[in-house]
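Asks: how does the following fold in three dimensions:
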Amino acid sequence: MRMKDGKGRARSSSSSTSPGLVDKLGALTVQGQALNSKDLRYDGKTSWLAFRKKFEMCADYNIWTETERLQRLVWSLTGKAGEFYAIYSEVVTFTYATLKTRLGERFGTREVIEMSKVMFRQALQAPDETLEDWADRLLELATHAFYNLPEWHLTEEVVHHFCQGCTDKEAGKHALTQKPKSLEVAMNTMKYFQHISQAIDGKKGKKPREEVSVNAVQKSAAGTSMLERMDALTKAVKE
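Replies: Got it, this is the predicted structure:
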């Protein structure tokens, strides 16, 4: 028997729903729009994250119990997802939470990896972010994006993008030319380059006091000799 709650939405008076009742579901109403039960299908090829959000929204709106959620989720599985459930349900007793987790591990992992790779490729050092913080953030992103790759490959990806994505492009280019084998070596190379650059560039705009004094004396002497020559030339012309 199905009763209506205070909002007029239908729900079961018992904590379970028979498979036959699940098959007889008509259109589910979500936020005033009819959502046909045929839309709640997952075959293992489309986006698991998109399906899960759609399913949970529908389940929350209709106030399904955990048992009802499990039955409707099982009913919605087709194709590879249906085969996955059929095989593992022979040896595992699923709850709604465990089935959702297993489906996510089986069909949602690829999406998470691809999303992590995009975030890793697009990451850039923030203007107020230190090299240490930039390295930590990039390493965390890489751990999710390349978790199934050898450690040497992960290190290579992190080192290259660490240099390429830093705010100091000159230091990053210099570090890449040194072909660092680890993140620590790359960071130290960049820091040393920045230290040397700052030391050299800081002296460009300043001349030593002695140099300034010598230049002033030389200019004064040059100016004096020029005046003497002009006076001599003027006297010679008059004579």
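Asks: so residue 167: helix, strand or coil?
Replies: The local conformation at residue 167, judged by DSSP: H, G, I helix; E, B strand; the rest coil, is coil.
Asks: ok, how many other residues are close to the closest residue to residue 160 other than its chain neighbours?
Replies: In this structure, residue 160 finds its nearest non-sequential neighbour in residue 176, 7.2 Å apart by C-beta to C-beta, 6 or more residues apart in numbering. Every residue, glycine included, has its C-beta placed from N, CA and C. By other C-beta atoms under 10 Å, 17 other residues sit near residue 176.
Asks: pretty sure residue 176 sits against residue 156.
Replies: No: counting by C-beta atoms under 8 Å, residue 176 does not reach residue 156; the two are 11.9 Å apart.
Asks: got a pLDDT number for the residue nearest to residue 160?
Replies: Listed pLDDT for residue 176 reads 93.
Asks: which strand or helix spans it?
Replies: Per DSSP states H and E: residue 176 is located in helix 169-177.
Asks: just the buried residues of that helix, please?
Replies: Under the neighbour-count criterion of 16 or more other C-beta atoms under 10 Å, helix 169-177 has 171, 172, 174, 175, 176 buried.
Asks: break the chain into its domains for me.
Replies: 2-108, 123-204 (automatic domain parsing).
Asks: can you redo those as TSV with distance to residue 114?
Replies: Listed next are the domains of the chain as TSV, based on distance: least, C-beta to C-beta, whole Å:
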stretch	distance to residue 114
domain 2-108	11
domain 123-204	9
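Asks: can you flag the weakest of these by average pLDDT?
Replies: Looking over the domains of the chain, mean pLDDT reaches its minimum on domain 2-108, with a mean of 73.
Asks: all strands of this structure, in order?
Replies: Along the chain, the segments classed as strands by DSSP state E run 2-4, 10-12, 27-30, 33-36.
Asks: what about the residue lying closest to residue 106 once chain neighbours are set aside, distance to residue 193?
Replies: Closest residue to residue 106 apart from its sequence neighbours, by C-beta to C-beta, 6+ apart: residue 84 at 5.9 Å. Separation of residue 84 from residue 193 (C-beta to C-beta, to the nearest Å): 52 Å.
Asks: ok, now residue 166?
Replies: From residue 166 over to residue 193 (counting by C-beta to C-beta), the distance is 11 Å.
Asks: which one's more surrounded, the two?
Replies: Each of residue 166 and residue 193 has its neighbours counted (other C-beta under 10 Å); residue 166 has more, 23 against 18.
Asks: does that one touch residue 135 like I think?
Replies: No: assessed by C-beta under 8 Å, residue 166 is found out of contact with residue 135, at 9.6 Å.
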